[in-house]
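Peer 1: Sequence first, predicted coordinates after that:
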There are 2 protein chains.
Amino acid sequence: MTGPRERLLATAVTLIRERGVAGTGLAELLKESGTARGSIYQHFPRGKDDLVAAAVAEAGTDGRATLATLRALGDPAVVVTAIMHAARDTLDADGYVHGCPIAAGALAGPDYPAVVGTAGDALAGWVEELAGVLAATGMAAEAASPFASLVISVFEGALVQARASRSPAPFDAAADQLALLARAQLA
Amino acid sequence: MTGPRERLLATAVTLIRERGVAGTGLAELLKESGTARGSIYQHFPRGKDDLVAAAVAEAGTDGRATLATLRALGDPAVVVTAIMHAARDTLDADGYVHGCPIAAGALAGPDYPAVVGTAGDALAGWVEELAGVLAATGMAAEAASPFASLVISVFEGALVQARASRSPAPFDAAADQLALLARAQLA
DNA sequence: CTTTCAATAGACTGATCGGTCTATTGTCAT
DNA sequence: ATGACAATAGACCGATCAGTCTATTGAAAG
């Protein structure tokens, strides 16, 4: 088994995906992760804001690594459809319970300044990574960055819409049109 | 001055836009709105879940009415750029403090089932209204609905991204590319 | 005038919040 | 073996949580 730090981070990611930052209590986090209360402040001296910010950062780098693997798909249109379909399938298999931990962090509000800042960094990292993938698979450098930003916006927004309506439709609609737009960007 | 019900709803919308549903306490809501505690349960017998759901519903119909006015713009590409620019300007003037109340409701989690359901209805209403506007301004009926869904996704996602990074860039990137895609849908 | 009831002010509940503390156990490296 | 420190278990703190209650005021309708 891993240490308490890793357990806390992994459990925090799961809980904020479901309930948001303010909706996640430390008691539940400790019980769910099987960790002693003191271990929080051993690893995150500034408490919940620190802990959740670290969890968001970890989820951010994980997501970025996943984006990097899409380079192998070779075509921008295929890359964006793969992102949308993966999100749809994950959400559907999950019962529309879990959202994006980065979005949860971004909307955490003024009580959690470190969390919000970290979420901003994570999203910027995703856009940067995706722009690199798109450029490497044939998209013009000037087009890649704004298009990557758009794709991340679509991903986050479709996730909100899909969870609220308990339907994968927003991702299906997005996949087709983003593929069309990706091909238009190439010409 | 309006009655306590209207004050509660308006204040609830403002607070959940900033802090989310779980992050908004009733004590703050009462103080901010200048309302007696008992008035909550006079108008919303089931408490916070009911009250916030009503606030989300109200914000949903307000937003839908705003979308309806965009019919006057006459061109789908102009409609979508107007949405993105309006969101950008509002957010920028606001200091990136307030997000979308419907998104806040959609992510409220299992403690607020009425809120999440109402947020889903509100988003569906937005997509429906926007699809009608796009169809009325020249877009093919089959294309209008998925494109409207995409625009709402972009709006919600760009809002998350913009707030986290305190930058209007996501909306600017989105406006250009959605206009391009709108024109491609017409051909 | 009287009845009715929304609205107000505020005390009060039990539960939970995030955070601090003590004491003990376990596990390394010296 | 000893010292250092992470990890655990759990009591404890003041503050806040959503929700209930009583008492009083105000205003409109009969």
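Peer 2: Here it is on my side, so go on.

Peer 1: Let me know the pLDDT of A:Gln185.
Peer 2: The model reports A:Gln185 with a pLDDT of 87.

Peer 1: mind checking the SS state of it?
Peer 2: Three-state call for A:Gln185 (DSSP: H, G, I helix; E, B strand; the rest coil): helix.

Peer 1: quick one: contacts for it?
Peer 2: Going by CB atoms under 8 Å, 6 or more residues apart in numbering or on different chains, A:Gln185 touches A:76, A:139-140, A:143, A:147. C-betas here are computed from N, CA, C, even on glycine.

Peer 1: Buried members of those residues into ChimeraX, please.
Peer 2: Of the contacts of A:Gln185, the buried ones go into a single ChimeraX selection, burial set by 16 or more other CB atoms under 10 Å in any protein chain shown:
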select /A:76,139,143,147
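
Peer 1: Which strands or helices does whichever strand or helix holds A:Val78 pack on?
Peer 2: Using DSSP states H and E, the element containing A:Val78 is helix A:76-94. Here helix A:76-94 touches helix A:113-136, helix A:141-165, helix A:169-186, going by 3 or more CB pairs under 8 Å, 6 or more residues apart in numbering or on different chains; DSSP states H and E.

Peer 1: For A:Lys31, give its distance to B:Tyr112.
Peer 2: According to CB to CB, to the nearest Å, A:Lys31 and B:Tyr112 sit 21 Å apart.

Peer 1: Up against DNA strand C, what does chain A have?
Peer 2: Applying CB under 7 Å from any atom of the strand, we find that chain A lies next to DNA strand C at A:24-28, A:37-38, A:40-41, A:46-49.

Peer 1: before we move on, back to that, A:Lys31 and B:Tyr112: who's more crowded?
Peer 2: Neighbours were counted for A:Lys31 and for B:Tyr112 using other CB atoms under 10 Å in any protein chain shown; B:Tyr112 has more, 23 against 11.

Peer 1: What are the phi and psi values at that one?
Peer 2: With angles defined as degrees, to the nearest 10, B:Tyr112 sits at phi -130, psi 70.

Peer 1: Leaving out the residues flanking it, which one is nearest to A:Leu134?
Peer 2: A:Ala144 (4.3 Å; CB to CB, 6 or more residues apart in numbering or on different chains).

Peer 1: Just give me the neighbour total for that neighbour.
Peer 2: 22.

Peer 1: And the one 5 residues further on, by the same measure?
Peer 2: Using other CB under 10 Å, A:Ser149 has 28 other residues around it.

Peer 1: Over to A:Val154?
Peer 2: 30.

Peer 1: Among the residues of chain A next to DNA strand C, name the buried ones.
Peer 2: A:24, A:40, A:48-49.

Peer 1: quick one: which of those is nearest to DNA strand C?
Peer 2: Checking these against DNA strand C with CB to the nearest atom of the strand, the nearest one is A:Lys48 at 3.7 Å.

Peer 1: can you pull the contacts of that closest one?
Peer 2: A:26, A:40, A:112.

Peer 1: Flag every residue of chain A that's near DNA strand D.
Peer 2: Contacts of chain A with DNA strand D, taken as CB under 7 Å from any atom of the strand, map to A:3-5, A:34-39, A:42-43.

Peer 1: Tabulate those residues (CSV), appending pLDDT and distance to A:Cys100.
Peer 2: CSV is the format used below for these (pLDDT from 0 to 100; distance: CB to CB, whole Å):
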residue, pLDDT, distance to A:Cys100
A:Gly3, 94, 26
A:Pro4, 97, 25
A:Arg5, 98, 23
A:Gly34, 97, 25
A:Thr35, 98, 24
A:Ala36, 98, 29
A:Arg37, 98, 28
A:Gly38, 97, 30
A:Ser39, 98, 26
A:Gln42, 97, 28
A:His43, 98, 24
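
Peer 1: Show me which of these are buried.
Peer 2: Counted by 16+ other CB under 10 Å, these give A:4-5, A:35, A:39, A:43 as buried.

Peer 1: could those go into TSV alongside secondary structure?
Peer 2: Putting these into TSV (three-state DSSP) gives the following:
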residue	secondary structure
A:Pro4	helix
A:Arg5	helix
A:Thr35	coil
A:Ser39	helix
A:His43	helix
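
Peer 1: taking the residues you listed as a set, which two sit the farthest apart in space?
Peer 2: Greatest spatial distance among these (CB to CB): A:Thr35 and A:His43, at 9.9 Å.

Peer 1: Pick the most deeply packed of the helices and strands packed on helix A:76-94.
Peer 2: Comparing the helices and strands packed on helix A:76-94 by mean neighbour count (mean count of other CB atoms under 10 Å in any protein chain shown), helix A:141-165 comes out on top with a mean of 25.
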